[in-house]
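1. Sequence first, predicted model second:
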Amino acid sequence: MASCDLLDRPNPQVTSDDPEFWRTETNIRAFAQEFYTNFFVGFNTGFGEVMTPIRGLLFCDNVVASGMPRPFPTAAPANLGGTGSGLTWWFDGDASRHGLGPFWAGTNWNFYWIRKANLMINRIETYSRGHISEAAYNHWRAKAHFFKALEYSRMVGTFGDVPWFERQIDLTDRAELFRDRDPRNFVMDRVYRDFRNVLTYIRPRSATHAQEVNRDVAAAFISRWMLFEGTWQWYHYGNADRAAKFLNFAVEASEYLMNSNRYSINRPLRDLFSTTDGNVAAAGNEVILWRTYRRAITMHAISTYNNFMGISNPYTGANLSLINAFITTDGALWQNTPGAEDFSLDNLLRTRDPRFEASFVRRLCFERSPTAIFYSRFIRRSAIDLAVANFDDPENNPGLMPEDNFPDYTRSTNTTSFPIIRLGEILLNWIEARAVLAYMGRGPAVTPDDINRSINVLRQRPIDQQARDLFDLDYTAPMDIDNLPDDPRRHVEGVTSALIWEIRRERQMELFQEFPRMLDLRRWNRLANLDTAANPKIVLSTWVDFNAPNMSHLLSTAAAANGTIQVRRFEADGVTLTPPIIFNGTNHADMVGFRVMNVHPTTGALLNRTGVQPRLNLAPIGQNQINLYRENNFTLTQTRYW
C-alpha cells in the first residue's frame, strides 16, 4: 500500500501553481476534476437546470408550450459572455421560460476553460515531465488537449470564428489577450490535430478509471464533434473536401468503439435513465461515460420534473411533429400502416416503434403537460405505475407520490444516473457519416450490412416485459435499405437522399431529450423546421377529445367567446392539415383532433413564429464583449450578419 499514490496526502500548503503540486498523478487528476462538471453535466446538481433534459435543452421542433411560440432572436444581446467556471445558461438566462431555452444549445463566450486547459498543458510540460512516467506524462498532456479541443468544438459550433490560443497567455501580452477571431477552418484544423494526438496518447479504458476521460470517452466525443463539423462543412458551405476530412475521422473514432466489443445494446431504453444510487450496471454495457448520483452526496431534481405526479410541470409537451417521426412497428410511415391512422394514445403505444412507449406515460393528462402527452424517459416504471394509479383512482391512491416509496423523484433528492454518451449515439454518428460521405461521392455506398450493424441493432434493443404485456409490443421491423419509406416531409425539407432522411428520423426517436436537438438542426441547416407557418405540426398537441370527462371543462363559455380552443385534423392524404376548427359553444362534437397550441389567450388569434434567417445558425457576440475590446483599443469582430 505504501506504493499507492492514491493514498498520498498532498501538502496542504502546496497550491496548483507550485511545481511540487504537479509531481504526482493524484494531484493532476484533482486539477482536472473541475472539467467534468462543466463538460459532462448530466442532470446537474440540486435544483440546477442548466444544460439538462426536461428543463434546460428543449427549444427545438420536438416540443411546444402553450401560447406564443418563443420568437427567434432579432438582435445581439448586451451580454453573452462569462469569465468564471460556474455553469451558465447556454444563452438565454430567462429562468421563467425554463424548457423554452436556450436557442443555440452551445457554450457562451467564455475562455475560462481554454485558459485552464492551456495552463494544465503548460504545467505538465514544465513541472511533471521527469517526475511521472513518460506514459503518464503523455496521457495527462493528451487529456488536457482533449478538454481544450472539446471546448473549442463547442465554441466553434456556437459562434463559428473564435480566437485560437495555442498556449497559456501571459496576461501582460495585451495583443494576444485581445486577439480577434480566427477563421473557423483555422481553428478546426487545430482541433482536428489535437484530437488525433489524443487518440494516440491517452490511456485506454481501465476498470479502475472507467469514469474518467480515457480513450473510449475521447473517441465518443470525437465521433460527435467530427460529425458536427463535417456535416456543417457540407450543408452550409458545400465543401466536400473539408467535410470528408472530418467525417472520415468521425467514422474512424466510431469504429474504434464499435470494434472494441466492450459495448452493446443489451438493455431496454428506459433502463439507461432510471438506474439509481450509482447502480449503473443495471443499464448494461451500452454507456461509455455516465454521471452517478448518490444519496446525501450529490443529488439532482430533474427526475422530479419528469415525475408524472411531481412538484412541477415540464412547461412543454411533445408535439405532433415528434409523434409523426415515430415509425410503426412494421418499419413504415403511419400513413402506410393499416390501423395506425388512429392517433389515440393507446393506439400510438401499440403501433409505434417501442421507443415511443419508452418515452411517454400511458395516460393523457393536461394537468401535467400542455399537449396532454407526458414524456417520461427519466423515471422508472414502478413510479409511473403509482402515478397513473393516483390519477385513475385517487380515492384509493390519494395524494402525490409517497416520498418514502420514491425519494428519487421528489424535490432535489434524485439519485438517478445519466448516460453522458453511449453506444446508441455512436452507431447513429457512424452510419450518418458513412451515408453523407457516400452521397458526396467520397466514400463507398452504404450496404445492408452497414444498416444491420447500426440502425437495426437499435431496432432490436430489448423491450420491457411490461411494455410487451400492456401493449403487445414487439421489435420494429429491420430497415431495408432497398425499400425505404417515401416520407412527404422529406421533399418539403429538400432532402434528396431517403437514407439520410431515415437516419435523421432514427436520431429523433433514439436521442429524444437526451441530446440537444438544436445541434442537429443547426448542423443540417434546418432551422426552418422551427417556422410554425411552414411546419404547423410543431405547434399541435397529440390527439385529444375535448368531450372526454377529464377534458370537457375546457369547453367553457369563455373559451367559446374568444375562440381559444381550436383543433386540426389530417385530410384524407394523411399529410395535409385541415384549417383550424374553432369551438363556438355549440360544436362540441367537432372538438376532437390535434389541439392548436399557439393561440392568443384572449383573442384566439394564431401566433406564429416566422423569420428564419441564415444568421441564426451562429450566435452573435454580446455588446459588452465588443465594448470591452474597444475600451482597450482593440476590435472584436461581430458574427457575420449580426
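-> Right, received. Where do you want to start?
2. Strands of the stretch 51-200 of the chain, start to end?
-> Assigned by DSSP state E, counting those that start in this stretch, the stretch 51-200 of the chain shows strands spanning 63-64.
3. same question, the chain
-> Listed in chain order, the strands of the chain (DSSP state E) span 63-64, 287-291, 317-318, 418-422, 540-545, 566-568, 581-582, 592-596.
4. Can you lay out these as CSV showing distance to Glu34, mean pLDDT and mean neighbour count?
-> No exception for glycine: its C-beta is placed from N, CA and C like everyone else's. Listed next are those as CSV, based on distance: least, CB to CB, whole Å; pLDDT from 0 to 100; neighbours: other CB atoms under 10 Å:
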stretch, distance to Glu34, mean pLDDT, mean neighbour count
strand 63-64, 32, 91, 26
strand 287-291, 14, 94, 22
strand 317-318, 36, 91, 26
strand 418-422, 16, 95, 22
strand 540-545, 42, 95, 22
strand 566-568, 50, 96, 21
strand 581-582, 55, 96, 18
strand 592-596, 46, 96, 22
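5. now those in TSV, with distance to Leu247?
-> Shown next, in TSV, are those (distance: least, CB to CB, whole Å):
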stretch	distance to Leu247
strand 63-64	29
strand 287-291	20
strand 317-318	31
strand 418-422	19
strand 540-545	35
strand 566-568	40
strand 581-582	46
strand 592-596	38
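6. Would you mind writing the CA trace of the helix or strand of the chain with the lowest mean pLDDT as CSV?
-> Across the helices and strands of the chain, the lowest-confidence element by mean pLDDT, DSSP states H and E is helix 381-392, at a mean of 78. The C-alpha trace of helix 381-392 is given here as CSV (Å, rounded to 0.1, in the frame of the first residue of the first chain):
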residue,chain,number,x,y,z
ARG,A,381,-41.8,2.1,-14.5
SER,A,382,-42.8,1.4,-10.9
ALA,A,383,-43.0,5.1,-10.2
ILE,A,384,-45.1,5.6,-13.4
ASP,A,385,-47.5,2.8,-12.3
LEU,A,386,-48.1,4.5,-8.9
ALA,A,387,-48.6,7.9,-10.5
VAL,A,388,-51.1,6.6,-13.0
ALA,A,389,-52.9,4.8,-10.2
ASN,A,390,-53.1,8.1,-8.3
PHE,A,391,-54.8,9.8,-11.2
ASP,A,392,-57.1,7.0,-12.2
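7. same for that helix, what does it pack against?
-> Judged by 3 or more CB pairs under 8 Å, 6 or more residues apart in numbering; DSSP states H and E, helix 381-392 is in contact with no other helix or strand.
8. so who does Asn584 touch?
-> Ala560, Gly563 (CB atoms under 8 Å, 6 or more residues apart in numbering).
9. And it, how far from Ser552?
-> For Asn584, the distance to Ser552 equals 16 Å [CB to CB, to the nearest Å].
10. Would you mind stating the distance between the residue positioned nearest the centre of the chain and Tyr375?
-> For the chain, the residue whose C-alpha lies nearest the mean C-alpha position (CA atoms, centre = their mean) is Phe515; its distance is 1.7 Å. The spacing between Phe515 and Tyr375, counted by CB to CB, is 14 Å.
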